[in-house]
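Trainee: give me a model of this one.
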Amino acid sequence: MNLGFSVPDLLPRARGGGVLKMGLAKLDESEWLQPDPNLQARAEGFADYPEGIQLLPEGEAPGAELATMLGLSGGLPEAAARHHEDMCLLTLREGEEQYRLVGAAVAWPSDWTPAEKLGLPLRALHAPIQGYEEQLATGVDNFMAKLKPGAIYGRCNWFIAATDAKRWVAEPPEVAFAHVTRENAGETLFVRSERQALRRLPETGAILFTIGVYVAPLGALSDSDVAMLARAVGTLVEGEGDRRGAGAYADALIGYAAARDMERST
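Mentor: I've put the predicted structure just below:
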């Protein structure tokens, strides 16, 4: 399954609201990382956000393995700087059952701070996600335990933001979306999609989690994608919509989708 490398490619394959699901698809090696990354944008991203690089001693060996696997010298920071994707390393400590974040090279985080997450186990990492513990945690733990070297799995998600910035720091929703209306939603709302992939490094056994960030204005998307988002906003898991600030933009998005549908049918 080819997830593609853009919001229009990813959005039809993302969860459209409702119960949380991993939604994994097996990827070929050629589908793992975006070809021809914009290295200047990556360099600028890390220069603007140097605290996006965080590494525990446990992450040094996996980072070196990753760099070698990609034909580079150095470690995790060098690997992420030469690719479009942000990269995180997770390892399993002796006697524990949950993988922990031991390294992050993240230029474009989606409203999270690597320094605050470093060293945390998976369930604590995902604690802000409403429904994760009840609906996903056990399945994710089992998947991580069984993941074999060589296999690559991908998934994608979406968020609605009031900015097209690659590094997204969410403001209070009532502030961020205060200027958004049904009439201007096509230009003032942006769809942010993360193309995520997981694979196990064969020598150290660490798991690499890559995050490719793509952003597009709502108005640039197809009618079917806009309609899906309008439906999904109303079916987010209870509490998840609050975390995403949906209450501040839902009416504008739904109204914009309805107007596009009416325009298409006339």
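Trainee: now stretch 28-46: average pLDDT?
Mentor: Across stretch 28-46, pLDDT averages out at 96.
Trainee: pull the residues that contact it.
Mentor: Stretch 28-46 is contacted by residues 2-3, 5, 52-53, 77, 80-85, 105, 107-108, 152, 154, 166-167, 195, 197, 199, 210, 212 when judged by C-beta atoms under 8 Å, 6 or more residues apart in numbering. The way it works is simple: take the backbone N, C-alpha and C, and place the C-beta from them, glycine included.
Trainee: make it 10 Å
Mentor: 1-6, 25, 27, 52-53, 70, 77, 79-87, 105-108, 150, 152, 154, 166-167, 195, 197, 199, 208, 210, 212-214 (C-beta atoms under 10 Å, 6 or more residues apart in numbering).
Trainee: would you mind writing the CA trace of it as PDB?
Mentor: Extracted C-alpha coordinates of stretch 28-46, given in PDB (Å, rounded to 0.1, in the frame of the first residue of the first chain):
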ATOM      1  CA  ASP A  28       8.000  -1.600   0.900                       C
ATOM      2  CA  GLU A  29      11.500  -0.200   1.400                       C
ATOM      3  CA  SER A  30      11.000   2.200  -1.500                       C
ATOM      4  CA  GLU A  31       7.900   3.600   0.300                       C
ATOM      5  CA  TRP A  32       9.600   4.200   3.600                       C
ATOM      6  CA  LEU A  33      11.000   7.700   3.400                       C
ATOM      7  CA  GLN A  34      10.200  10.600   1.100                       C
ATOM      8  CA  PRO A  35      12.500  10.800  -1.900                       C
ATOM      9  CA  ASP A  36      14.300  14.100  -2.600                       C
ATOM     10  CA  PRO A  37      13.800  15.900   0.700                       C
ATOM     11  CA  ASN A  38      14.200  19.600   1.000                       C
ATOM     12  CA  LEU A  39      17.400  19.700   3.000                       C
ATOM     13  CA  GLN A  40      17.500  23.400   3.300                       C
ATOM     14  CA  ALA A  41      14.100  23.300   5.000                       C
ATOM     15  CA  ARG A  42      15.300  20.600   7.300                       C
ATOM     16  CA  ALA A  43      18.400  22.600   8.200                       C
ATOM     17  CA  GLU A  44      16.300  25.700   8.900                       C
ATOM     18  CA  GLY A  45      13.900  23.700  10.900                       C
ATOM     19  CA  PHE A  46      16.500  22.300  13.300                       C
END
